[in-house]
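*Asks:* A structural model of the following input is requested.
(2 chains)
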2 protein chains.
Amino acid sequence: MRLPEAWIISVGNELLNGRIVNTNLSWLARRLTIDGYLVRAALTVRDECDDIAWAFRTALERGADLILSTGGLGPTFDDKTSECLSRALGRRHVVNEEALRMVEEKYREKGLPLTEHRVKMAMMPEGAEPIPNDVGTAPGILVREGDSLIVVMPGVPAEMKAIFERVEPLLRDRAPPLHYVSKDLVVRGVPESAAAPLIERVMKEYPVYVKSHPQGHEMRKPILRINVIYSSTDEAEAIRVVDEALKKLKDLLVELGGEVEGIEDAGQG
Amino acid sequence: MRLPEAWIISVGNELLNGRIVNTNLSWLARRLTIDGYLVRAALTVRDECDDIAWAFRTALERGADLILSTGGLGPTFDDKTSECLSRALGRRHVVNEEALRMVEEKYREKGLPLTEHRVKMAMMPEGAEPIPNDVGTAPGILVREGDSLIVVMPGVPAEMKAIFERVEPLLRDRAPPLHYVSKDLVVRGVPESAAAPLIERVMKEYPVYVKSHPQGHEMRKPILRINVIYSSTDEAEAIRVVDEALKKLKDLLVELGGEVEGIEDAGQG
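*Replies:* Numbers count the residues shown, from 1 in each chain, chains lettered A, B, ... in the order given. Here you go, the predicted model:
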């Protein structure tokens, strides 16, 4: 089954000078995977319009069905994502009346006026829809471009999550209904290079995705965590396939002298 | 001053299904920034040749002076970075004799033969140079392409760091002359695990790189040597930033009951 493909764009100098670890990316990637998307790629760019516009154009040109961006969506001068998205799409950058009402209401509650910096948070590509921000002030932005969907979110994790959850039902509607099963097996005493042909054999026999994560030292004290993933429209089938592949893998590893510690549910994703 | 521009490519499905947070990216971004590079963008791609080759070509086409990649450099079928880099560069993918000797030696020490999967770790784009891997088995790869430098590293953080530190002097030679300030603080009575959140806090507040080296026993008699690094074209600024970060760190450690022995110049960081 062809899954719809998502690209994730992360905007912010702090991600490219190492001040911040990008936990938004892994959070979104996991949620999208569970929601039935294949996350094709992630682009991290600086707070510069050329780079931001390039990232959106690149994702569109390479066939993204869905583009999610985080960062650069606030009141300050270096929050440029919305404006640069307008430029990337060749659309006018305009005040969105619905967004303006959302922003105005946030400040009215506090007895604060709408300043130029606050109005800026209501400016969007022409034709966009604002997504309510239940945690912060800047609304998210939803844009339909051809058959693709673009969702622009702030970089503050709590705001990003709140806005993502607002649009998640729409994203799920656009993906096939899938059940995703992911289980881990931990084995001691088998170096990754020796496990590699066994993993290949299991992947030939079963339609699962298998990935090994070395956690000890390859030569002295090898510990491998091996993750087996499968998803299906049929939940019972997804569980059965993963369990059968794991059993086969376990048998092969034990034959090689490995000590299999146990099998853990790796959660949804 | 125009800084040389670096692109970072991260390879691995686990980064795009949310199983792993990409701490390699922030570590490399910080080190490159201190070494005098502007990190222009980061691309995260799946373990698929089209995507990996696209990432390298894109970074080269957009003028990267330096490309660092992590991931996809091991013995298993889905470790494809080296092969796909060869394809991106239009070079033959060949066994590098020097790399083969490195790999062979690792396995010979253990009395293990060179299997097909192990020889795979010595295959590189024609003209590449292997970088010794002091921690794991797969050597890193250094490729000169026009005026650009490409460094390919494994995804396991300890191996990535060991290989990066092997090539770091070369990277610094290609960056503008910066003043590096590197100072050590020695503290008794604070276990590394208790110092970790304080170090994180200082790294959030100041643009420095901080590394702790435990020298005593973690629980009974903890002694930590903590190294703080920063660089700038302006020597006075570099000294000021390191001194401020050290003062903050010292205050936090003393608050926690630590006995700070003194601050020493650690030389060219």
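*Asks:* Strands along the stretch 151-269 of chain A, start to end?
*Replies:* For the stretch 151-269 of chain A, the strands defined by DSSP state E, counting those that start in this stretch occupy A:179-188, A:209-214, A:223-232, A:259-265.
*Asks:* Could you name the helices and strands sitting against the third one?
*Replies:* Applying 3 or more C-beta pairs under 8 Å, 6 or more residues apart in numbering or on different chains; DSSP states H and E, one finds that strand A:223-232 makes contact with strand A:179-188, helix A:192-205, strand A:209-214, helix A:235-255. Every residue, glycine included, has its C-beta placed from N, CA and C.
*Asks:* And the ones you listed: which comes nearest chain B?
*Replies:* When these are compared by C-beta to the nearest C-beta, helix A:192-205 sits nearest chain B, at 3.9 Å.
*Asks:* buried sites along the closest one?
*Replies:* Across helix A:192-205, burial judged by 16 or more other C-beta atoms under 10 Å in any protein chain shown covers A:192-199, A:202-203.
*Asks:* by how many degrees do that helix and helix A:235-255 diverge?
*Replies:* On the basis of axes from the mean of the first three to the mean of the last three C-alpha atoms, to 10 degrees, helix A:192-205 is oriented at 140 degrees to helix A:235-255.
*Asks:* So residue A:241 versus residue A:86, what's the distance?
*Replies:* 45 Å (C-beta to C-beta, to the nearest Å).
*Asks:* ugh, wrong one, residue A:206
*Replies:* Residue A:206 is 47 Å from residue A:86, by C-beta to C-beta.
*Asks:* More neighbours: these two, which one.
*Replies:* Of the pair residue A:206 and residue A:86, residue A:86 is the one with more neighbours under other C-beta atoms under 10 Å in any protein chain shown, namely 22 against 18.
*Asks:* Whichever helix or strand that one is part of near chain B at all?
*Replies:* Residue A:86 belongs to helix A:81-89 when assigned by DSSP states H and E. No. Using C-beta under 8 Å from any C-beta of the partner chain, we find that helix A:81-89 stays clear of chain B, coming within 14.0 Å at best.
*Asks:* Can you mark which positions in that helix are buried?
*Replies:* Neighbour counts over helix A:81-89 (16+ other C-beta under 10 Å) mark A:81-89 as buried.
*Asks:* same deal with stretch A:251-262?
*Replies:* A:252-253, A:258, A:260.
*Asks:* Distance across it, terminal residue to terminal residue?
*Replies:* 12 Å (C-alpha to C-alpha, to the nearest Å).
*Asks:* so how far is it off the chain centroid?
*Replies:* 34 Å (C-alpha atoms, centre = their mean, to the nearest Å).
*Asks:* could you check whether it is close to chain B?
*Replies:* No. Using C-beta under 8 Å from any C-beta, stretch A:251-262 never reaches chain B; the gap is at least 12.9 Å.
*Asks:* circling back to that earlier point, switch the buried residues of helix A:81-89 over to CSV; also include pLDDT.
*Replies:* As requested, these are exported to CSV (pLDDT from 0 to 100):
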residue, pLDDT
A:81, 97
A:82, 97
A:83, 97
A:84, 98
A:85, 98
A:86, 98
A:87, 98
A:88, 98
A:89, 98
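*Asks:* Make a markdown table out of those residues and add distance to residue B:155.
*Replies:* A markdown table is the format used below for those (distance: C-beta to C-beta, whole Å):
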| residue | distance to residue B:155 |
| --- | --- |
| A:81 | 29 |
| A:82 | 34 |
| A:83 | 36 |
| A:84 | 31 |
| A:85 | 32 |
| A:86 | 37 |
| A:87 | 35 |
| A:88 | 31 |
| A:89 | 35 |
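*Asks:* In TSV, list the strands of the stretch 151-269 of chain A along with mean pLDDT.
*Replies:* Compiled in TSV, the strands of the stretch 151-269 of chain A are given as follows (pLDDT from 0 to 100):
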stretch	mean pLDDT
strand A:179-188	91
strand A:209-214	86
strand A:223-232	89
strand A:259-265	85
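*Asks:* Look up which helix or strand the residue nearest in space to the middle of chain A falls in, please.
*Replies:* Nearest to the mean C-alpha position of chain A, by C-alpha atoms, centre = their mean, lies residue A:29 at 2.4 Å. Assigned by DSSP H and E, residue A:29 belongs to helix A:23-34.
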